[in-house]
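K.L.:
with the sequence up front, the predicted model follows.
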Amino acid sequence: MNIKRTSKRLLVVGCSHGGLADPLAIDAVLRFKLEWKPQIVIHLGDWCDTAALRLGARDNADEAEPIRPDIDDGLFFLEQLGVTHCLMGNHDERPYRYLKDPRAMVRELAQMLVDGIETRMRKLRIYWLNSWSVFDHLKIGGVKYLHGTVYTENAARDHAEMHGRCVFAHTHTTMLQKGRRDDNPTGICVGTLAGIANMDYAKTRRKTLSWSQGFAWGECTENDTQLWLHENGQNRERLPWRLPI
């Protein structure tokens, strides 16, 4: 008797931050993908960092950070991982925001960056959700996938209460919390794949001590999903990840 498999395997990552990605974390998710063989691979956004484009970058070290190499590194990781669905994060939005700059030179240079991103996404056949807001998400197997918009200590609970059952990145802290609603939603944050020590802008923040690397994985049908969260902490010892399979 042939049993038809109706479920699909998933791998969900986020916040790899282009040139700031941790090589050990990247190696781990690439190895996991080879073993798990997911049909759906979702990147939840902040695949690039674009430090020079952040609003507070003027007159500090971030202003000197190269932009195009960072974007190229981020896109290369999407290609390596075989991402099928990608959301925009607040870092990915930065080149798009400059499309409305009053200075023609800035607008046209931003357009060149954006055209390069859009062309590469099409070439890689990635479903690219190129906007970031509380309204932007993907829904697969009864779960909403989004970049995230809030930074609270209970961010997973707050996202679950805003969106229902959901998976996000954004806060860089792996967590799983229940929402206080009668449908009992779960919010999962997959953490980051960046080298936490590389995030210079956050080096003096107490919250940075709770950041952690991780990813989510599981299986989904048309209407339901089973997910697990794998967490690897900050890996200050620089050890290879121990993977769940």
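P.N.:
Sure thing, it's come through. Residues are numbered from 1 along each chain as shown.

K.L.:
going by C-alpha atoms from here, please, whenever you check contacts or count neighbours.
P.N.:
Noted.

K.L.:
so which strand or helix has D73?
P.N.:
Per DSSP states H and E: D73 is located in helix 68-81.

K.L.:
which of the residues in that helix are buried?
P.N.:
Neighbour counts over helix 68-81 (16 or more other C-alpha atoms under 10 Å) mark D70, I71, D72, D73, G74, L75, F77, L78, E79, L81 as buried.

K.L.:
and that helix, how far from the chain's centre?
P.N.:
When distances are taken as C-alpha atoms, centre = their mean, to the nearest Å, helix 68-81 is centred 13 Å away from the chain's centroid.

K.L.:
before we move on, what about stretch 73-85?
P.N.:
Relative to the mean C-alpha coordinate of its chain, stretch 73-85 is positioned 11 Å out (C-alpha atoms, centre = their mean).

K.L.:
extract the CA atoms of that stretch and return them as CSV.
P.N.:
Extracted in CSV, the C-alpha atoms of stretch 73-85 (Å, rounded to 0.1, in the frame of the first residue of the first chain):
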residue,chain,number,x,y,z
ASP,A,73,26.6,38.6,1.5
GLY,A,74,23.0,38.5,2.6
LEU,A,75,21.7,37.5,-0.8
PHE,A,76,24.4,34.9,-1.1
PHE,A,77,23.2,33.3,2.1
LEU,A,78,19.6,33.2,0.8
GLU,A,79,20.9,31.4,-2.2
GLN,A,80,23.1,29.0,-0.2
LEU,A,81,20.2,28.0,2.1
GLY,A,82,17.8,27.7,-0.8
VAL,A,83,15.3,30.1,0.7
THR,A,84,11.8,29.8,-0.8
HIS,A,85,10.1,32.6,1.1
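
K.L.:
now the lengthiest helix in the chain, how far from the centre of its chain.
P.N.:
Criterion DSSP state H: the longest helix present in the chain is helix 104-123. How far helix 104-123 lies from its chain's middle: 21 Å, per C-alpha atoms, centre = their mean.

K.L.:
now the helix holding D73: average pLDDT?
P.N.:
The pLDDT scores in helix 68-81 average 98.

K.L.:
next helix or strand past that helix?
P.N.:
strand 85-87.

K.L.:
what pairs with that following strand, and is each one parallel or antiparallel?
P.N.:
strand 40-43 (parallel), strand 127-129 (parallel) (DSSP bridges).

K.L.:
wait, which of the ones you listed is closest to C166?
P.N.:
Nearest to C166, of all the strands paired with strand 85-87, is strand 40-43, at 12.9 Å by C-alpha to C-alpha.

K.L.:
just how off-centre is that closest one within its chain?
P.N.:
Put simply, strand 40-43 sits 10 Å off its chain's centre (C-alpha atoms, centre = their mean).
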